[in-house]
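Trainee: have a look at this prediction, sequence included:
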Amino acid sequence: MGRSPCCSKEGLNRGAWTADEDKILREYITLHGEGRWRNLPKTAGLKRCGKSCRLRWLNYLRPDIKRGNITSDEEELIIRLHKLLGNRWSLIAGRLPGRTDNEIKNYWNTNLGKKVKDGHKTSTSCRTQIPNPKLDSHLVRTKATKCTKLFFPHPSMLQLPDNSHQQQNLVADAVMTHHLELTTTDFNVGDICFSDLLDSDFTDICNNDLLFSPSSDQPYHPLCSQELLKNWTQTNFADQTTASNNLHSFISFLDTTEETLGQS
DNA sequence: AACAGACTCAACCGCCTGGGG
DNA sequence: CCCCCAGGCGGTTGAGTCTGT
């Protein structure tokens, strides 16, 4: 039996897209916008499966696609994010403006996978490090259990006594301990899910009391260096230039995170 | 020049999730 | 609840290209 295909493949073009097909798809989406992929081929007059149209648009035709070689900064970022997220290509791509998950996945499979396996020794980046096996254990794998997210309630939801710093610290300790221990699921910190966190511009983190020591104005956890977070809260990823300018700050952020995780 | 093997990357496949009825 | 559908995702494939012999 098996699963029914997403659409009838009969009479549909397959394989590489022609310039004409690209033109039709581009013009159609410019006119009508993205979405309703299943009906798109029929209404646009394309002999393609809707999924194929979606893929072609997202991975190739979108106007904000950045073409050209992956820079060493981007490469560095991919390696670090992969260390944290595993094969969550779409999440990783979300942090690399103009890059698609498919492109990053391909780049990883053809370049970085080997490179990292070889101990990252061929990297051209000045930040080259020997992989820290301790850090590798912090990988957050979520693919298999995409919907399984552990939820750590915000202290305010735990009916703690007002401003009970000690108890809030205990909760924060527990959260960070889980942060270090969790290797098989996504997780939530207060209202923030880790994957969402990486998707966000870190505004949420800054606004979340939990991650800052209640007994001082300093971040509870170095992961939340206020200066770095400030950089990120000012990021507007709609603007590609700003986004790429912030690559360095994000790399710094990851540096801090890795140091912290390495010490614990 | 010719061939084989390695590499790249666009495209496809099948599974999963979330929303709506 | 359950079912269906659309969209999203990661893994895999294979045609085209490159490189070494």
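Mentor: Structure received. Residues are numbered from 1 along each chain as shown, chains lettered A, B, ... in the order given.

Trainee: neighbours around the one residue in the stretch 101-250 of chain A that gets nearest to DNA strand C, how many?
Mentor: At 4.4 Å from DNA strand C, residue A:101 is the closest residue in the stretch 101-250 of chain A, using C-beta to the nearest atom of the strand. For every residue, glycine as well, the C-beta is placed using N, CA and C. Residue A:101 has 18 neighbours, counted by other C-beta atoms under 10 Å.

Trainee: cross-check the contact I'm expecting between it and residue A:90.
Mentor: Yes. In this structure, residue A:101 is within contact of residue A:90 by C-beta atoms under 8 Å, at 4.4 Å.

Trainee: need the residues of the stretch 1-150 of chain A near DNA strand C, please.
Mentor: Counting by C-beta under 7 Å from any atom of the strand, the stretch 1-150 of chain A comes close to DNA strand C at A:6, A:15-16, A:35-39, A:50-51, A:54, A:87-91, A:101-102, A:105-106, A:109, A:143.

Trainee: give me the subset of the residues you listed touching DNA strand B.
Mentor: When contact is defined as C-beta under 7 Å from any atom of the strand, those meet DNA strand B at A:6, A:15-16, A:51, A:102, A:105-106, A:109.

Trainee: quick one on the thing from earlier: contacting residues around the residue of the stretch 101-250 of chain A closest to DNA strand C?
Mentor: Residues near residue A:101 by C-beta atoms under 8 Å, 6 or more residues apart in numbering: A:89-90, A:92-93.

Trainee: just send those residues back as JSON lines, with neighbour count too.
Mentor: As requested, those are arranged in JSON lines below (neighbours: other C-beta atoms under 10 Å):
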{"residue": "A:89", "neighbour count": "22"}
{"residue": "A:90", "neighbour count": "15"}
{"residue": "A:92", "neighbour count": "24"}
{"residue": "A:93", "neighbour count": "20"}
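
Trainee: hmm, which two among these are most spread apart?
Mentor: By the measure C-beta to C-beta, A:90 and A:92 form the most distant pair in the contacts of residue A:101, at 7.3 Å.

Trainee: tell me which element residue A:13 is part of?
Mentor: Following DSSP states H and E, there is no helix or strand that holds residue A:13.

Trainee: what's the separation between it and residue A:33?
Mentor: Per C-beta to C-beta, to the nearest Å, residue A:13 is found 23 Å from residue A:33.

Trainee: try residue A:85
Mentor: Residue A:85 is 30 Å from residue A:33, by C-beta to C-beta.

Trainee: which one of those two has more residues nearby?
Mentor: residue A:85 (22 against 8).

Trainee: pretty sure that one is touching residue A:93, no?
Mentor: No. The criterion here is C-beta under 8 Å, and residue A:85 misses it with residue A:93 at 10.8 Å.

Trainee: next step: the contacts of residue A:101 restricted to helices.
Mentor: Under the assignment DSSP state H, these contribute A:89-90, A:92-93 to helices.

Trainee: what are the buried residues along the strand or helix carrying residue A:105?
Mentor: Assessed by DSSP H and E, residue A:105 sits inside helix A:101-107. For helix A:101-107, burial by neighbour count (16 or more other C-beta atoms under 10 Å) applies to A:101, A:103-105, A:107.

Trainee: give me the distance between residue A:25 and residue A:18.
Mentor: Relative to residue A:18, residue A:25 is positioned 11 Å away (C-beta to C-beta).

Trainee: between these two, which one's more packed in?
Mentor: Set residue A:25 next to residue A:18 and count neighbours by other C-beta under 10 Å: residue A:25 wins out with 23 against 10.

Trainee: for that one, phi and psi?
Mentor: phi -60, psi -50 (degrees, to the nearest 10).
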